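Enquirer: here is my input, please return the structure:
(2 chains)
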2 protein chains.
Amino acid sequence: MHRANAAPKIDGLYVIVGPDATRGRPVAEVAEAALRGGARVLQLRDKTGDRGDVLQTAVRLREMCRDHDALFFVNDDIALAYACDADGVHLGQSDLPVDVARRILAPDKQIGRSNNTDAEVEVSVSMGVDYVAVGAVFPTTTVGKGARQAIGLDGIRSARDTTDIPLVAIGGINESNVGDVIRSGADCVSVISAVTMADDPEDAARRLAAAIEDARS
Amino acid sequence: MHRANAAPKIDGLYVIVGPDATRGRPVAEVAEAALRGGARVLQLRDKTGDRGDVLQTAVRLREMCRDHDALFFVNDDIALAYACDADGVHLGQSDLPVDVARRILAPDKQIGRSNNTDAEVEVSVSMGVDYVAVGAVFPTTTVGKGARQAIGLDGIRSARDTTDIPLVAIGGINESNVGDVIRSGADCVSVISAVTMADDPEDAARRLAAAIEDARS
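Expert: Below is the predicted model:
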């Protein structure tokens, strides 16, 4: 029951930012650098901050994304995504159901969902998500608890065979392996630490975005 | 800009339940006991559980409340309140703004907000809340961080002079002081530990509800 959606399809480099993985730098500073470097999608992941404070950050990041013609997603928090007029929300397996997000958010908003297995991908697709995230592709410590075991490149190929909606690969992806990830069928590559923990997040994003382009040509 | 609202006015004993203050007993068991004892309002406060799991608890508590003709509120989480069709949501000073809850929730849903000072009460009333909570009335460890300092019975009287919308007193209230709290102008008395940490939550709720009635007669 995938809906027709006029919203832009997610694609390219997808950077997740949050206060727990910036090496102490302001979230907005790291986010801006990622966008300058070529991130096409930005997600704010802040599970613990006061919602009033996080809303201020979210509104700022959403404006930045519009300036860079990038998409802005909020992790988990549907009301926050609504409040800041994000382009969508990303839900984990243990978050509120997709239909709650669909009913609260405007029709053009996108909903993504994390998955670790093809069975989970199938359920997410049946719930009408706009994209499926799969991972962790490689072992990692910064992806959420939904990423139970590394699925490898075979996991990406298998997910690609399972659905034709946009496929986001996440978990342990960096400049050295991102080409393989794209060639295995991912439309979009999501990273946290490879950009947000880098000495130079803008340069890290630029290299990853270039490697994604290279793998497609 | 207080709205006309057909929803029942909150009144009487208001019990807040959550997994961190039940002495290990299931939240639903303690909630049911509080309702049997005469709680007129129940609030689920679970800031840390997986939202999917908390939704299941919320749906169960909402059904219990309907069976007991009591009102059911969700703490903080507007999307969860929406998802379980709660009677309303209770927001702290650092949560998302009241207008976000108003836009997401159905028109008959109620919004309450925590306050520590008369100035905060005035702002909350101007935001169009359905009730104001004030506290902590007495020193306590289980009320949230919004309750910065004990306001005493004078704080209740002062809040009562500030607004005529329903006034919920919270913080350190028990059987010995609840009469004074009501006589100071509170419409409703909110407790956590006095019921949820009691050896017999039903009996504790019954005694508090009776003391509230006594103070009114």
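Enquirer: spell out which residues of chain A are next to chain B.
Expert: Where proximity means C-beta under 8 Å from any C-beta of the partner chain, the interface of chain A facing chain B comprises A:50-53, A:55, A:76-80, A:82-83, A:93-97, A:100-101, A:103-104. Every residue, glycine included, has its C-beta placed from N, CA and C.
Enquirer: swap the cut-off to 6 Å and go again
Expert: In this structure, chain A approaches chain B at residues A:Asp50, A:Arg51, A:Gly52, A:Ile78, A:Ala79, A:Ala83, A:Ser94, A:Asp95, A:Leu96, A:Val100, A:Ile104, judged by C-beta under 6 Å from any C-beta of the partner chain.
Enquirer: now those residues in a markdown table, with neighbour count, pLDDT and secondary structure?
Expert: As requested, the residues of chain A next to chain B are arranged in a markdown table below (neighbours: other C-beta atoms under 10 Å in any protein chain shown; pLDDT from 0 to 100; DSSP: H, G, I helix; E, B strand; the rest coil):
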| residue | neighbour count | pLDDT | secondary structure |
| --- | --- | --- | --- |
| A:Asp50 | 15 | 95 | coil |
| A:Arg51 | 22 | 96 | helix |
| A:Gly52 | 15 | 95 | helix |
| A:Ile78 | 30 | 98 | helix |
| A:Ala79 | 30 | 98 | helix |
| A:Ala83 | 24 | 98 | helix |
| A:Ser94 | 16 | 96 | coil |
| A:Asp95 | 24 | 96 | coil |
| A:Leu96 | 26 | 97 | coil |
| A:Val100 | 21 | 98 | helix |
| A:Ile104 | 21 | 98 | helix |
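Enquirer: and those, which two are the farthest apart?
Expert: Taking every pair in the residues of chain A next to chain B and measuring C-beta to C-beta, the maximum separation is 24.3 Å, between A:Gly52 and A:Ser94.
Enquirer: show me where chain A has strands.
Expert: Taking DSSP state E to define them, one finds strands in chain A at A:12-17, A:41-44, A:71-75, A:88-91, A:110-115, A:131-135, A:167-170, A:188-191.
Enquirer: CSV please, covering those and showing mean neighbour count and distance to A:Gly155.
Expert: Rendered in CSV, the data for those read as follows (neighbours: other C-beta atoms under 10 Å in any protein chain shown; distance: least, C-beta to C-beta, whole Å):
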stretch, mean neighbour count, distance to A:Gly155
strand A:12-17, 27, 17
strand A:41-44, 28, 21
strand A:71-75, 25, 22
strand A:88-91, 28, 19
strand A:110-115, 27, 10
strand A:131-135, 27, 6
strand A:167-170, 27, 9
strand A:188-191, 27, 14
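Enquirer: of those strands, which is nearest B:Gly128?
Expert: When the strands of chain A are compared for distance to B:Gly128 using C-beta to C-beta, the nearest one is strand A:71-75, at 24.9 Å.
Enquirer: list of residues touching the closest one?
Expert: A:41-45, A:61-62, A:65, A:80-81, A:86-90 (C-beta atoms under 6 Å, 6 or more residues apart in numbering or on different chains).
Enquirer: so in that sheet, which strands flank it, and in what orientation?
Expert: According to DSSP bridges, strand A:71-75 has the following sheet partners: strand A:41-44 (parallel), strand A:88-91 (parallel).
Enquirer: beta partners of A:Thr91?
Expert: No, residue A:91 isn't Thr; it's Leu. Beta-bridge pairing for A:Leu91 (DSSP bridges): A:Arg113.
Enquirer: count the neighbours of A:Arg60 for me.
Expert: By other C-beta atoms under 10 Å in any protein chain shown, 16 other residues sit near A:Arg60.
Enquirer: quick one: it and chain B, what's the gap?
Expert: Using C-beta to the nearest C-beta, to the nearest Å, one obtains 16 Å as the distance from A:Arg60 to chain B.
Enquirer: now A:Leu153
Expert: As for A:Leu153, its distance to chain B is 30 Å (criterion: C-beta to the nearest C-beta).
Enquirer: so where's chain A shaky on pLDDT?
Expert: Counting by pLDDT under 70, the ranges of chain A that qualify are A:1-6, A:142-148.
Enquirer: of the contacts of strand A:71-75, just say which sits nearest to B:Lys109.
Expert: When the contacts of strand A:71-75 are compared for distance to B:Lys109, the smallest value, 18.6 Å, is given by A:Leu80; criterion: C-beta to C-beta.
Enquirer: skipping adjacent residues, who's closest to the closest one in space?
Expert: Beyond its immediate neighbours in the sequence, the residue positioned closest to A:Leu80 (C-beta to C-beta, 6 or more residues apart in numbering or on different chains) is A:Val74, lying 5.1 Å away.
Enquirer: now A:Asp67
Expert: Nearest residue to A:Asp67 in three dimensions, chain neighbours excluded: A:Leu35, at 7.9 Å (C-beta to C-beta, 6+ apart).
Enquirer: what about A:Ser158, neighbour count?
Expert: 17.
Enquirer: where do the helices sit along chain A?
Expert: A:27-37, A:51-67, A:78-83, A:98-104, A:118-126, A:152-162, A:178-183, A:193-196, A:201-216 (DSSP state H).
Enquirer: which one of those is the most hemmed in?
Expert: Across the helices of chain A, the average number of neighbours (mean count of other C-beta atoms under 10 Å in any protein chain shown) peaks for helix A:78-83, which reaches a mean of 26.
Enquirer: who are the packing partners of that helix?
Expert: With contacts defined as 3 or more C-beta pairs under 6 Å, 6 or more residues apart in numbering or on different chains; DSSP states H and E, helix A:78-83 has these neighbours: helix A:98-104, helix B:78-83.
Enquirer: now do that helix: distance to the chain's middle.
Expert: In terms of C-alpha atoms, centre = their mean, to the nearest Å, the centre of helix A:78-83 is set 16 Å apart from its chain centre.
Enquirer: just flag the most distant two among the contacts of strand A:71-75.
Expert: Between any two of the contacts of strand A:71-75 (C-beta to C-beta), the greatest distance is 16.9 Å, for A:Val41 and A:Leu80.
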